[in-house]
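Engineer: Starting from these lines, generate the structure:
(one chain, ligands or ions: 1)
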Amino acid sequence: MSVVERIQAVDPSGQLDAVRSLPDQLRDAVWRFDSADLAPVDCRGLVVCGMGGSAIGGDLARAAFGDRLTLPMETVRGYALSSATPPDHAVFCSSYSGNTEETVACYAAAEALGAPRITATTGGTLAESARADGVPVIGLPAGLQPRAAVGYGFGVTAEVAAHCGVASSIRTEIDAAAAHLESQLDALMARAGELAEAIQGSVPVIAGCGLTAPVGYRWKCQFNENSKWPAFSHVMPELDHNEIVGWQGAGAGGAGEFSAIFLEDRDHHPRVRQRFELTAELIAPNARGVHRIETEGESRTERLLWAVMLGDLTSLALAGLRGVDPEPVDVIESLKDRLGRP
Ligand code: F6R
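Structural biologist: This next block holds a predicted model:
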């Protein structure tokens, strides 16, 4: 059975198609941003508020800008803005469902602060409140799992950030990245299948740095939600000051089998490049495997999204190998129910 057939056998809701639609999502995100026809925003920084699949777009957009960021941009995951947030920072609230209580709380906190607000959602409480308050809503298409709408999250956030003046627009990079992903799809799928087979049965521990730091976290979350499997992520060079020691306890006779996945990029500091090399050597004896992945593509955006798509496909390939449906996240839903949805 091919990797695609194995995924399709457990994927009645078409999560594979959703991941494969990333290039279309990116183009549509730009169009949806334009269609919202936002008035100019006068601000000195941007706070992106969201949770889970609706927050990662903020981290990824910030990473794509990298050193091109000219004003502060941060992602807030939680119920409140930082007490240091000044009222001249715009607050962008992103919730796919529009009903995530943490994001709705940040929306209210931004009002109390007097900060300019922008929202992106398919509906829910957030859309209702924004409509009532005259706050712009960038409409997202319904019917996806929030985490599968990462192209929207990334593309819309990057456009909002450029609109707020925290960095210049990367729209041409986004267009080129969409074309690049389309051309790489088969190769990415094959690579994802191989990687999933290599790590199957072990716990993936992913490491990134700079551009690839939020990608590592995205991989971790996709293994958790799509593959229903534990996974962890950390960042270089910090992991060389703690996690590297923990690998001594890994392995069959210790904490169990772990696989290291290093997301490496040509923009990394030369010492970080060296650290990945040496760390791979040092942990190899206790790891199921050390998989060193060099991002592919021209621009930062291209390489970032290439690595995101490889992770998304690998998580689906692992779901296929495990025989689990990648779509449902019942435990998240039941937790939200037990908390009492807003
Ligand atoms: C589900 C998923 C979750 C949600 C999170 C927030 O696919 O990825 O992490 O994104 O529970 O919900 P929304 O995105 O609706 O604000």
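
Engineer: In the stretch 51-200 of the chain, what residue comes closest to the ligand?
Structural biologist: Proximity of the stretch 51-200 of the chain to the ligand (CB to the nearest ligand atom) peaks at residue 52, 2.0 Å away. The C-beta positions use only the backbone N, C-alpha and C, and glycine is treated the same way.

Engineer: Enumerate every residue touching that residue.
Structural biologist: Listed by CB atoms under 8 Å, 6 or more residues apart in numbering, the contact set of residue 52 reads 100, 146, 147, 221, 332.

Engineer: if we look at the ligand, which of these are close to it?
Structural biologist: 100, 146, 147, 332 (CB under 6 Å from any ligand atom).

Engineer: possible to save these as CSV with pLDDT and secondary structure?
Structural biologist: Shown next, in CSV, are the ones next to the ligand among the contacts of residue 52 (pLDDT from 0 to 100; DSSP: H, G, I helix; E, B strand; the rest coil):
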residue, pLDDT, secondary structure
100, 96, coil
146, 98, helix
147, 98, helix
332, 94, helix
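
Engineer: Which of these sits closest to residue 313?
Structural biologist: residue 147 (13.5 Å; CB to CB).

Engineer: got the contact list for that closest one?
Structural biologist: Per CB under 8 Å, 6+ apart, neighbours of residue 147: 52, 53, 56, 221, 222, 225, 226.

Engineer: any idea how far the last one lies from residue 320?
Structural biologist: I take that to be residue 226. 10 Å (CB to CB, to the nearest Å).

Engineer: out of those two, which sits in the more crowded spot?
Structural biologist: Set residue 226 next to residue 320 and count neighbours by other CB atoms under 10 Å: residue 226 wins out with 30 against 27.

Engineer: that older thread, mind checking which of the contacts of residue 147 are in strands?
Structural biologist: Secondary structure from DSSP state E places none of the contacts of residue 147 in strands.

Engineer: Max pairwise distance over the contacts of residue 52: which two?
Structural biologist: Going by CB to CB, the pair spanning the contacts of residue 52 furthest: 100 and 221, at 15.1 Å.

Engineer: Helices along the chain, start to end?
Structural biologist: 3-8, 15-20, 22-36, 56-65, 101-113, 124-133, 150-163, 171-199, 213-225, 243-246, 270-283, 300-322, 330-339 (DSSP state H).

Engineer: For my notes, please list the contacts of residue 147 in a markdown table and give pLDDT for each entry.
Structural biologist: Shown next, in a markdown table, are the contacts of residue 147 (pLDDT from 0 to 100):
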| residue | pLDDT |
| --- | --- |
| 52 | 98 |
| 53 | 97 |
| 56 | 98 |
| 221 | 98 |
| 222 | 98 |
| 225 | 98 |
| 226 | 98 |
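
Engineer: neighbour-wise, which of residue 100 and residue 221 wins?
Structural biologist: Taking other CB under 10 Å, residue 100 and residue 221 do not tie; residue 100 has more neighbours (27 against 19).

Engineer: dump the residue contacts of the residue lying closest to that one once chain neighbours are set aside.
Structural biologist: Leaving aside its sequence neighbours, residue 100 sits nearest to residue 51 (CB to CB, 6 or more residues apart in numbering; 5.1 Å). Contacts for residue 51 were tallied using CB under 8 Å, 6+ apart; they are 77, 95, 100, 102, 103.

Engineer: ranking these by neighbours, who comes first?
Structural biologist: Neighbour tally across the contacts of residue 51 (other CB under 10 Å): the maximum, 31 neighbours, falls on residue 95.

Engineer: which parts of the chain sit against the ligand?
Structural biologist: 51-54, 95-97, 100, 103, 145-147, 225, 329, 332.

Engineer: 8 Å instead?
Structural biologist: Contacts of the chain with the ligand, taken as CB under 8 Å from any ligand atom, map to 50-55, 94-100, 103, 121, 124, 145-149, 221, 225, 329, 332, 336.

Engineer: was I right about residue 272 contacting residue 209?
Structural biologist: Yes - using CB atoms under 8 Å, residue 272 is in contact with residue 209, at 5.3 Å.

Engineer: Now do the shared contacts for those two.
Structural biologist: By CB under 8 Å, 6+ apart, the residues touching both residue 272 and residue 209 are 236, 237.

Engineer: Can you report how many residues lie near the residue of the stretch 151-300 of the chain found nearest the ligand?
Structural biologist: Residue of the stretch 151-300 of the chain nearest the ligand, by CB to the nearest ligand atom: residue 225 (5.8 Å). Neighbourhood size, residue 225 [other CB under 10 Å]: 24.

Engineer: Quick check: closest non-adjacent residue to it.
Structural biologist: Nearest to residue 225 is residue 329, by CB to CB, 6+ apart, at 5.4 Å.

Engineer: hang on, that neighbour packs against residue 221?
Structural biologist: No - applying CB under 8 Å, one finds residue 329 not in contact with residue 221, separated by 10.6 Å.

Engineer: Mind listing residues that contact the helix or strand of the chain with the lowest mean pLDDT?
Structural biologist: Every helix and strand in the chain was compared by mean pLDDT, DSSP states H and E; the lowest is helix 330-339, with a mean of 93. With contacts defined as CB under 8 Å, 6+ apart, helix 330-339 is touched by 52, 101, 225.
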